[in-house]
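Student: Curious how this folds, go ahead:
(chains A and B)
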Amino acid sequence: MKVRTRFAPSPTGVLHLGSVRTALFSWLYARRFDGEFVLRIEDTDRERSTEENVRAIVDGLDWLGLDADAGPFFQTDRFDRYKEVLTAWLDTGKAYHCYCTKEEIDELREQQLASGEKVRYDGRCRDRARPREGVDPVVRFRNPDAGEVVVNDAVRGRVVFDNAQLDDLIIARSNGTPTYNFTVVVDDSDMKITHVIRGDDHLNNTPRQMNMLEALGVDNPVYAHLPMILGPDGAKLSKRHGAVDIRDYRDQGYLPEAMLNYLVRLGWSHGDKELFTTDQMIELFDINDVNQSASAFNPDKLRWINQQHIIRASTERLGEQLVRFLKRSGIPITSGPSPADVAEVFRERAETIQQMADNSRYCFVDFDAIDPKAAKKHLRPVVLEPLKAVRTALAETPDWEKKEIETVIKKIAAEFDINIGKLGQPIRVAVTGGAVSPPIDATVWVIGRSRVIDRLDAAIQIIAARAAASNS
RNA sequence: GCUCCCUUCGUCUAGCGGUUAGGACUCCGCCCUCUCACGGCGGCAACAGGGGUUCGAGUCCCCUAGGGAGUACCA
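Tutor: Below you'll find the model as predicted:
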């Protein structure tokens, strides 16, 4: 049988890390076993579902490359089908109308709480003969009274629930709209889902859903309940832990494959392997290797993973990414070096593309002033002559290549009998405005000849002025 | 309250009855080195507690504690 998994978010919120991990595992499983991945939007709660959230979900999945083979299907488009099942169940007694008021249910609940019983609906409307005046009824599913439901969960193992603990849950509201546990069952069945991979907050819903599947007369899918993702402090993941919306990570300069790599390692591992390409993940992933305990989100490790993926990304792609962030920061790219060259030079020292854009700013625009501390330390009168020599040599060197630039600098350092560090730092400060940059030959090369010459001239003037001042 | 789930370094994890309990992130040294990174080497750091079972338990069973989920006309 063909594997079919699904991701079924509710558009009552944006796509966050936990849901992405769930989507990822479902997607990986489908890809691994040559199956299909279905996207279904569970929007039966019309009050809280929004168009923007649907957008957030679709955009997020799209960015990550978690492509669906079918859908998105919207549950609100399937109300006729739910109605059909509802009517059939009502006719055959598998479901019934319940006219209980909110007050009655509350009272029942109070009593049960007081006597230490499980809080559950007692089924008092099961055999009600006639409607109650002025009350729009809900529809309840008639759950079996006895026996047990065994969930053979792919990650949890065998979990047993007692039917006596379950109650007759509401499957249609008094306004006629169907509810979650019911629509899931109808959809998973209609869409021929073979593996239900979802958050473990649904483990408790599973026996009820299995009972309804039984009422529908269809087989159960394989269930796999994934542990939760917590915030760095072990508490439930929320806004105060940083970005909630997956798109925020995109905007902060994380690579989608790095995001996936980080997330796949939360609850899953393959020996000691830390870095995975998406293809490797597909090749190696199995739901049986997923562990059972919740894990905490660790931003430090995410950054490290992202850096490792940046180091391994193709120059072209890195260049394209860099352009996006440069533009967003308002840095003009037309008059500077090729972004791909810049990315190549900066790739080993950026944890995010945003950092890369920030750090390579001086390649595209002139800095306002040299960092005073760096100037004080490195632009001293002793380097005036060497710097002039460098300026002259760089202005004349025939080919603007890293190798040649390195040779020039080394040669001049030797001529003045100073070591390369004593000359490299002043050049660095002069051309970047700061004390930190990639290797000096690559830095000079990528900034480009005319900017380098101008900046060296400026630095030379500063030093000359300083020398004059200290001599007088 | 009741039902269900979870518990190895600070964090992510390996382990599937016999290991000096391994790796990764973080942190700290050292090396590489023109700065910063990358990389390399080394260090700190864990089996929640208690009972069993067993010649032998991180691994199996039970209890306790702690954490989480559900108990909605939310999903």
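Student: buried ones in the biggest helix by length in chain A?
Tutor: In terms of residue count, the longest helix belonging to chain A (DSSP state H) is helix A:449-471. Neighbour counts over helix A:449-471 (16 or more other C-beta atoms under 10 Å) mark A:451-452, A:455-456, A:459-460, A:462-463, A:466 as buried. C-beta coordinates here come from the backbone N, C-alpha and C atoms, glycine included.
Student: List the contacts of the spatially closest residue to A:Val390 that is not a sequence neighbour.
Tutor: With C-beta to C-beta, 6 or more residues apart in numbering as the criterion, A:Val390 has its nearest non-adjacent residue at 5.4 Å, and that residue is A:Ile412. Taking C-beta atoms under 8 Å, 6 or more residues apart in numbering, we find A:Ile412 in contact with A:386, A:389-390, A:393, A:423.
Student: can you check A:Val119 too?
Tutor: Going by C-beta under 8 Å, 6+ apart, A:Val119 touches A:109, A:112-113.
Student: Now the nearest residue to A:Thr277 once chain neighbours are set aside: which helix or strand?
Tutor: Spatial nearest neighbour of A:Thr277, excluding adjacent residues (C-beta to C-beta, 6+ apart): A:Glu257 at 6.7 Å. Using DSSP states H and E, A:Glu257 sits within helix A:256-264.
Student: and that helix, what does it pack onto?
Tutor: Here helix A:256-264 touches helix A:17-32, helix A:51-64, helix A:246-251, helix A:278-284, helix A:299-312, going by 3 or more C-beta pairs under 8 Å, 6 or more residues apart in numbering; DSSP states H and E.
Student: Report the angle between the last one and helix A:256-264.
Tutor: Angular relation of helix A:299-312 and helix A:256-264 on a 0 to 180 degree scale: 140 degrees, by axes from the mean of the first three to the mean of the last three C-alpha atoms, to 10 degrees.
Student: how about A:Ala435, secondary structure?
Tutor: Three-state assignment for A:Ala435 (DSSP: H, G, I helix; E, B strand; the rest coil): coil.
Student: So what's the residue count around it?
Tutor: Counted with other C-beta atoms under 10 Å, the neighbours of A:Ala435 add up to 15.
Student: and what of A:Asp272?
Tutor: By other C-beta under 10 Å, neighbour count at A:Asp272 equals 5.
Student: Angles on the backbone of it, please.
Tutor: The phi and psi torsions at A:Asp272 (degrees, to the nearest 10) take the values phi -100, psi 0.
Student: how far away is it from RNA strand B?
Tutor: The span separating A:Asp272 from RNA strand B equals 4 Å under the rule C-beta to the nearest atom of the strand, to the nearest Å.
Student: Per-residue confidence, that residue, what does it come out as?
Tutor: Looking at A:Asp272, its pLDDT is 94.
Student: And for the one 5 residues further on?
Tutor: In this model, A:Thr277 is scored at 97, pLDDT.
Student: Same question for the one 4 residues further on.
Tutor: With respect to pLDDT, A:Met281 has a value of 97.
Student: Thought A:Tyr262 was touching it, still the case?
Tutor: No - at 11.4 Å, A:Met281 does not count as touching A:Tyr262 under the criterion of C-beta atoms under 8 Å.
Student: With neighbour numbers in mind, choose between those two.
Tutor: A side-by-side neighbour count of A:Met281 and A:Tyr262, using other C-beta under 10 Å, places A:Tyr262 first with 25 against 22.
Student: residues contacting that one?
Tutor: By C-beta under 8 Å, 6+ apart, A:Tyr262 lies in contact with A:301-302, A:305-306.
Student: what mean pLDDT does the helix or strand harbouring A:Glu103 have?
Tutor: Using DSSP H and E, A:Glu103 sits in helix A:102-114. Mean pLDDT, helix A:102-114: 86.
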